[in-house]
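A.B. asks: Give the three-dimensional model of this entry:
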Amino acid sequence: MIDIHMHILFGVDDGPGTVDETMKLLEIAREEGITDIIATSHALHPQFNVEAEEVWSQVRLLNEIIESSGIGVTLHNGQEVRLADDLVEKLKKKTVLTMADSRYLLLELPSGSVPAYTTSIINQLLSEGITPIIAHPERNRGIAERPERLERLVRAGALAQITAGSVVGAFGKNIQKLSFQLIEANLIHLYGSDAHNTTVRPPLFEKGLDVLEKKKLGEYADLVLENNELLLKNERLTILEAQDLVKRKKWWFF
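C.D. replies: Numbers count the residues shown, from 1 in each chain. Okay, the predicted model is just below:
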């Protein structure tokens with residue numbers, strides 16, 4: 001299985017502090033059946049901006065350590081890139097990275113809102129052949145208040161990635177509830193752990209899949225796992241038609 005969102009690099013953002021912590025996180029991921037991980041350290045974040053050169057350097061180093069340790073996981077370059085008005089310019093200059101050198105970019109919105117210019121940036125990225133993937137939309141306050149905001153972004157051409165911990169309930173019942181709502185509306189296309197460490201933010205990858213199975217969403221789990229693999233191969237993803245949230249009237253607001 002492929003984990004497309006993990007803060008696995010050490011000493012650069014709010015992920016592992018040391019290489020030993022990184023290796024422990026990798027061991028947990030491998031026990032959960034993960035074979036490939038896209039290293040998605042923060043870029044353009046108010047607190048963290050991990051440079052592309054640091055990502056390239058550390059991914060090479062860690063893959064060498066992993067090979068000698070026999071863990072059996074492969075790391076790939078990437079970043080979790082915060083929304084910015086000059087994002088396309090930075091992408092052209094290669095100061096921000098796509099996911100595993102693919103046509104897909106992991107895009108993080110501010111936690112409390114969906115800025116008015118988000119659709120404009122999505123259009124700019126698409127015009128450059130880059131498809132933005134909205135990271136953990138279920139944890140965005142603006143989307144929680146009005147889930148149709150995500151629908152508009154998806155209809156504009158963006159995709160979305162849900163977090164295993166959200167599905168499990170690690171961020172609270174409201175976020176878990178919203179996660180299922182977004183899934184049922186076909187507004188989620190990929191699945192990642194967004195793991196940061198082995199304690200407070202562990203992978204929970206396999207546990208999230210188990211929850212989806214219990215919720216009778218096993219077919220959805222198969223779909224997002226397949227899309228994770230297609231992304232790593234830089235191929236077109238399987239996209240189901242987004243549902244009209246206003247017509248569905250199936251939203252539990254909080």
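
A.B. asks: Only C-alpha atoms from now on, for both contacts and neighbour counts.
C.D. replies: Will do.

A.B. asks: Mind naming the longest helix for the chain?
C.D. replies: Longest helix in the chain by number of residues (criterion: DSSP state H): helix 52-69.

A.B. asks: Which SSE is immediately downstream of it?
C.D. replies: Beyond helix 52-69 on the C-terminal side, the first helix or strand identified by DSSP states H and E is strand 74-76.

A.B. asks: Parallel or antiparallel, list what pairs with that following strand.
C.D. replies: strand 36-39 (parallel) (DSSP bridges).

A.B. asks: residues of the longest helix of the chain that come out buried?
C.D. replies: Residues 52, 55, 58-59, 62-63, 66 are the ones in helix 52-69 that count as buried (16 or more other CA atoms under 10 Å).

A.B. asks: Same list as before, the residues you listed that is, but in TSV and with pLDDT and distance to V154 included.
C.D. replies: Listed next are the buried residues of helix 52-69 as TSV, based on pLDDT from 0 to 100; distance: CA to CA, whole Å:
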residue	pLDDT	distance to V154
A52	96	27
V55	97	29
Q58	97	33
V59	97	31
L62	97	35
N63	97	34
I66	95	37
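
A.B. asks: Three-state assignment for K94, please.
C.D. replies: coil (DSSP: H, G, I helix; E, B strand; the rest coil).

A.B. asks: Grab the nearest non-local neighbour of it.
C.D. replies: A52 (7.7 Å; CA to CA, 6 or more residues apart in numbering).

A.B. asks: ok now do the one you found, which residues does it touch?
C.D. replies: Residues near A52 by CA atoms under 8 Å, 6 or more residues apart in numbering: 94-97.

A.B. asks: Ranking by neighbours, what's the top pick from the residues you listed?
C.D. replies: Among the contacts of A52, the one with the most neighbours (other CA atoms under 10 Å) is L97, at 27 neighbours.

A.B. asks: Now do the contacts for it.
C.D. replies: Per CA under 8 Å, 6+ apart, neighbours of L97: 52, 77-79, 91, 105.

A.B. asks: Next: S113.
C.D. replies: Counted by CA under 8 Å, 6+ apart, S113 has contacts 140-143.

A.B. asks: which SS state does I133 fall under?
C.D. replies: Put simply, I133 is strand when judged by three-state DSSP.

A.B. asks: Is it in contact with A156, as I believe?
C.D. replies: No: using CA atoms under 8 Å, I133 is not in contact with A156; the gap is 11.8 Å.

A.B. asks: The two - which one has more neighbours?
C.D. replies: I133 (25 against 14).

A.B. asks: Point out where this structure drops to low pLDDT.
C.D. replies: 244-254 (pLDDT under 70).

A.B. asks: what about the strands in it?
C.D. replies: With DSSP state E as the criterion, the chain has strands at 2-6, 36-39, 41-43, 74-76, 79-82, 104-108, 131-135, 159-163, 190-192.

A.B. asks: buried residues in the first one?
C.D. replies: Of the residues in strand 2-6, 2-6 count as buried by neighbour count, 16+ other CA under 10 Å.

A.B. asks: Nearest residue to G165 in space, ignoring adjacent ones along the chain?
C.D. replies: L204 (6.0 Å).

A.B. asks: how many other residues sit next to the one you found?
C.D. replies: 24.

A.B. asks: Might one say that it is in contact with D194?
C.D. replies: No: here L204 lies out of contact with D194, judged by CA under 8 Å, at a distance of 9.2 Å.

A.B. asks: Give me the common contacts of these two.
C.D. replies: Counting by CA under 8 Å, 6+ apart, the common neighbours of L204 and D194 are A164.
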